[in-house]
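**Q** generate coordinates for the sequence data below:
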Amino acid sequence: MTSIETHPRQLGLNDYLAILDRRKWVIAQSTIIVAVVTFILSAQQEKVFAASAEVLLTRQTLSNVVTGFTNPDVYVDPERFAATQAGLARAPEVSKRAIEKSGLSSSSELLGAVSIQPRGDADLLRFTAQSSEPDVAARLANAYAEAFTEYKFDLDTAQLTNAREDLEGRIAELRGEGQSGTDSYRELVDSAQQLRTMVLLQTPNLVVTPATGAGQIAPSPNRNATLGAFVGLLLGLGIAFLWETLDKRVRTEEEIERRLELPLLSRLPVPPRRLEKHGLLSMLHDPQDPYAEAVRRLRTNLEFANVDRAAQVIMVTSAVEREGKSTTVANLAVALARSGRSVALVDLDLRQPVLAGLFTLEGRPGITDVVVERAALEVALVPIQLPTPQTSISGANGSAAPLGRLSVLPSGRLPANPGELVGSQALGRVLDRLRAEHDYVLLDAPPLLSVGDSMTLSARADAILVVTRLGLVNRPMLTELSRELAGSPARKLGFVVTGSDAKAGYGYGYGYGYGHRERAELESKPVAEMTGRRATRRAERRAAAGR
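**A** Numbering: from 1, shown residues only. Purely as a prediction, here's the structure:
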């Protein structure tokens, strides 16, 4: 047997894929719901249209060229210059002029509907207006752009205009004094005309790209639905992994193997429904069923696991009820008997006995009657007729190979205190007689975590076989079960998983079988023919018991 690692195993890619497969509906529903809700909410929103107009920013003015002065804005960082112009465009005077041009009622409505951003790759200022009506958005953008160009032109020509107005006032005074023919008067007229020409030749900021139309920018149901699907996917993944963390159920054989530190002997699928009227005993009523094939695999692995231990009395138990313990031990007993073994099956689950119902032995005396001497062992021990192979198989000397025998000892009358009965010396003597007369004595014991009967009974068993059911047993149960098994003096052969999915089992599936002749040969040929040491030990024990 290989040792099982006890340290926690890190989750691998297959583990994560298994989690996603188990929770795929949660992930899918979260993704679809969030995407659909996002699409519906977006489609119900009011439509918003946007239009843009661009203004060219000029740095050098004609007045500076004529006068010979250099505009300091030429040497300012372009990004800073554009940011300054954008801030200037947000001046209250600009919005006031834009209101007059667009016909809007308030500047706050205009300021809230227009955004101003400089273009980083050019000396352009972009005015973007938003509105529920496309023509209003275009009108807002153009009005704001034109208002800014006018306001900026007035700022650039303010000094020239003031100077010209001063000169015109002086000219009017000289004309009033009758000095219109003097040289001073003519010089002032020439200067005023020059200033007027400079104002007219001043280069203003130009609206180079007016807004000719508006495009819808909101809502965008398709884009929002895509983003919603992505958010829903992330939410679904979070819910899936949180659910997996809070879910304490065990879903893989590897986790059971790691927590119990026992090898897996076999996986058993759910027994077929058609056998319910026969007590779910596939080995008796349908030996060619896939479930029976899995039981035969369990029998073979149990024989090999028991080669060195030579255990005769094997207690079969589980963590809790409804894990398929009794059905498993009953079919295993039939499989061992059909392989040529002498098997005694004893129902020691004295609280919820099942074997009498499986083998149709209700009302007969059982183990409790034998222990209190109300019935003899020979009377209570019922032989079960096994189905014979359809093809006769001859042994080495030409005689038919033995089929083996199976005897069932039901529970009998239920005692008032089962815990005292399973720990009594009288029960020990009955088990010793069964041990001496049979190759295997299989004990159907109560669940370990439900009552203390199994721990008491394990002291009289040579080995323990544990039955677990995927999806029913959880991690705290396995931890407690491991502690109980560690305290038992009996050896642990391994565990069996019930309720396993056939597709998740072996490579060929459970349906891969043998012909009638090959099946009869396997069932009638004991596995222990290869292990003569165990047969020798049993013979020695029987001889010692006879003495």
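**Q** buried stuff in the longest helix anywhere in the chain?
**A** The helix spanning the most residues in the chain, taking DSSP state H as the definition, is helix 221-246. For helix 221-246, burial by neighbour count (16 or more other CB atoms under 10 Å) applies to 221, 224-225, 228-229, 232-233, 235-237, 240, 244. No exception for glycine: its C-beta is placed from N, CA and C like everyone else's.
**Q** number of residues surrounding Pro410?
**A** The tally of other residues near Pro410 (other CB atoms under 10 Å) stands at 27.
**Q** right, and it touches Arg364 too?
**A** Yes. Assessed by CB atoms under 8 Å, Pro410 is found in contact with Arg364 at 6.0 Å.
**Q** what is in contact with the two at once?
**A** Common neighbours of Pro410 and Arg364 (criterion: CB atoms under 8 Å, 6 or more residues apart in numbering): 356, 380, 382.
**Q** need the nearest residue in space to the second one, chain neighbours excluded.
**A** When you say that, I think you mean Ala380. Closest residue to Ala380 apart from its sequence neighbours, by CB to CB, 6 or more residues apart in numbering: Pro365 at 4.5 Å.
**Q** before we move on, what about the first one?
**A** Closest residue to Ala356 apart from its sequence neighbours, by CB to CB, 6+ apart: Pro410 at 4.0 Å.
**Q** how close does that neighbour sit to Pro365?
**A** 8 Å (CB to CB, to the nearest Å).
**Q** quick one: common contacting residues for those two?
**A** Residues touching both Pro410 and Pro365 by CB under 8 Å, 6+ apart: Ala380.
**Q** contacts only, for the residue nearest to Ala356.
**A** Contacts of Pro410 by CB under 8 Å, 6+ apart are 347, 353, 355-356, 359, 361, 364, 366-367, 380, 382.
**Q** need the residues that contact whatever helix or strand Thr84 lives in.
**A** Secondary structure assignment for Thr84, by DSSP states H and E: helix 78-89. By CB under 8 Å, 6+ apart, the residues outside helix 78-89 that reach it are 57, 59, 73, 76, 94, 116-120, 123, 125, 127, 144, 148, 151-152.
**Q** filter the residues you listed down to the buried ones.
**A** By 16+ other CB under 10 Å, the contacts of helix 78-89 give 57, 59, 73, 94, 116, 118, 123, 125, 127, 144, 148, 151-152 as buried.
**Q** before we move on, back to that, quick one: contacts for the residue nearest to Ala380?
**A** Taking CB under 8 Å, 6+ apart as the test, what Pro365 contacts is 374-375, 379-380, 412-413.
**Q** looking at the contacts of Pro410, spot the one nearest Glu46.
**A** Each of the contacts of Pro410 was scored against Glu46 by CB to CB, and Pro353 proved nearest at 73.4 Å.
**Q** give the contact list for Ile19.
**A** Contacts of Ile19 by CB under 8 Å, 6+ apart are 240-241, 244.
**Q** let's see it at 10 Å
**A** The contact partners of Ile19, by CB atoms under 10 Å, 6 or more residues apart in numbering, come to 11, 237, 240-241, 243-245, 247, 251.
**Q** secondary structure element holding it?
**A** Using DSSP H and E, Ile19 falls in helix 13-22.
**Q** tell me the gap between the next helix or strand after that helix and the middle of its chain.
**A** Downstream of helix 13-22, the first helix or strand assigned by DSSP H and E is helix 24-43. For helix 24-43, the separation from the chain centroid amounts to 17 Å (computed by CA atoms, centre = their mean, to the nearest Å).
**Q** check stretch 42-52 too.
**A** With CA atoms, centre = their mean as the basis, stretch 42-52 stands 38 Å off its chain's centre.
**Q** tell me the domain ranges of this protein?
**A** 13-44+221-246, 48-157+202-218, 253-546 (automatic domain parsing).
**Q** adding mean pLDDT and distance to Ala172, write those out as JSON lines.
**A** Converted to JSON lines, these look like this (pLDDT from 0 to 100; distance: least, CB to CB, whole Å):
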{"stretch": "domain 13-44+221-246", "mean pLDDT": "89", "distance to Ala172": "66"}
{"stretch": "domain 48-157+202-218", "mean pLDDT": "77", "distance to Ala172": "22"}
{"stretch": "domain 253-546", "mean pLDDT": "79", "distance to Ala172": "103"}
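**Q** could I get the ones you listed as CSV with distance to Glu173?
**A** Output for the domains of the chain, formatted as CSV (distance: least, CB to CB, whole Å):
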stretch, distance to Glu173
domain 13-44+221-246, 70
domain 48-157+202-218, 24
domain 253-546, 105
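**Q** which stretch among those approaches Asp183 most closely?
**A** Nearest of these to Asp183, taken as CB to CB: domain 48-157+202-218 at 23.1 Å.
**Q** now Phe49. Its backbone dihedrals?
**A** phi -110, psi 150 (degrees, to the nearest 10).
**Q** kindly apply the preceding question to Thr479 instead.
**A** phi -60, psi -40.
**Q** where's Gln85 relative to Phe49, distance?
**A** 26 Å.
**Q** what does Gly423 give?
**A** Gly423 sits at a distance of 88 Å from Phe49 (criterion: CB to CB).
**Q** next: Leu332.
**A** Distance from Leu332 to Phe49, counting by CB to CB: 77 Å.
**Q** so between these two, which is more surrounded?
**A** The neighbour count for Leu332 versus Phe49, taken as other CB under 10 Å, is higher for Leu332 (27 against 20).
**Q** my guess is the more buried one meets Tyr440, correct?
**A** Yes. Judged on CB atoms under 10 Å, Leu332 makes contact with Tyr440 at a distance of 9.1 Å.
**Q** can you give me the helices for the stretch 401-547 of the chain?
**A** Using DSSP state H, counting those that start in this stretch, the helices of the stretch 401-547 of the chain run over 418-422, 425-437, 453-458, 475-487, 516-524, 532-546.
**Q** how about the stretch 51-200 of the chain?
**A** 62-67, 78-89, 92-102, 107-113, 134-156, 158-176, 183-200.
**Q** which one of these is the most hemmed in?
**A** helix 134-156 (a mean of 22; mean count of other CB atoms under 10 Å).
**Q** return stretch 248-265 as CSV; C-alpha atoms alone will do.
**A** What follows is stretch 248-265, C-alpha atoms only, in CSV (Å, rounded to 0.1, in the frame of the first residue of the first chain):
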residue,chain,number,x,y,z
LYS,A,248,-18.8,21.3,3.0
ARG,A,249,-19.9,18.3,0.9
VAL,A,250,-17.1,16.0,-0.5
ARG,A,251,-17.4,15.5,-4.2
THR,A,252,-14.2,13.7,-5.2
GLU,A,253,-12.6,10.3,-4.2
GLU,A,254,-9.3,12.0,-4.0
GLU,A,255,-10.4,14.2,-1.1
ILE,A,256,-11.9,11.1,0.8
GLU,A,257,-8.6,9.2,0.2
ARG,A,258,-6.6,12.1,1.5
ARG,A,259,-8.7,12.8,4.6
LEU,A,260,-9.1,9.1,5.6
GLU,A,261,-5.6,8.1,4.6
LEU,A,262,-7.1,4.9,3.1
PRO,A,263,-6.9,3.5,-0.5
LEU,A,264,-9.9,3.5,-2.8
LEU,A,265,-11.0,-0.1,-3.5
